[in-house]
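# Curious how this folds, go ahead:
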Amino acid sequence: MSLKKISPLLAKKILKNNYGLLLDIRDTESFNTDHDSRAIHINQDSLPAFLANTNKNTTILVMCYHGNSSQFVAQFLSEEGFTDVYSIDGGYEMWKSEIAE
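Residues are numbered from 1 along each chain as shown. Sure, this is the predicted structure:
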């Protein structure tokens, strides 16, 4: 399965329509300092519960710092059976500069 990427602007449209989940995989300190209000913070501790309790057909948008680590997590989620997973291009830095709330 090939990795799917999405621009911050398209991701925002998905979220505006209440369609999909925004996962922020940055470290806890960075997340607590600043994050999109719709974001769910995911780390190694919270990942097992997320995997067990989230519908595999849910659209998942993964955001990291600059759009690199999110690609690995998006690929991992796809391998875990999630069917509609995207890595957000440019990560939080681009998200913040283009579409911050």
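
# what helix or strand is Ser87 on?
According to DSSP states H and E, Ser87 maps onto strand 84-88.

# Centre of the chain to the helix or strand just after that strand, how far?
Counting by DSSP H and E, the element after strand 84-88 in chain order, helix or strand, is helix 91-99. Mean-position distance between helix 91-99 and its chain equals 13 Å (C-alpha atoms, centre = their mean, to the nearest Å).

# cool, stretch 38-58 as well?
On C-alpha atoms, centre = their mean, the centre of stretch 38-58 falls 10 Å from that of its chain.

# Could you list the residues in contact with it?
For stretch 38-58, the external contacting residues (C-beta atoms under 8 Å, 6 or more residues apart in numbering) are 15, 20-28, 31, 35, 60, 63, 73, 80-84. For the C-beta atoms, the positions are set from N, CA and C on the backbone; glycine is no exception.

# Can you tell me which residue is spatially central in this protein?
Among the residues of the chain, the one closest to the centroid is Val62, at 1.8 Å (C-alpha atoms, centre = their mean).
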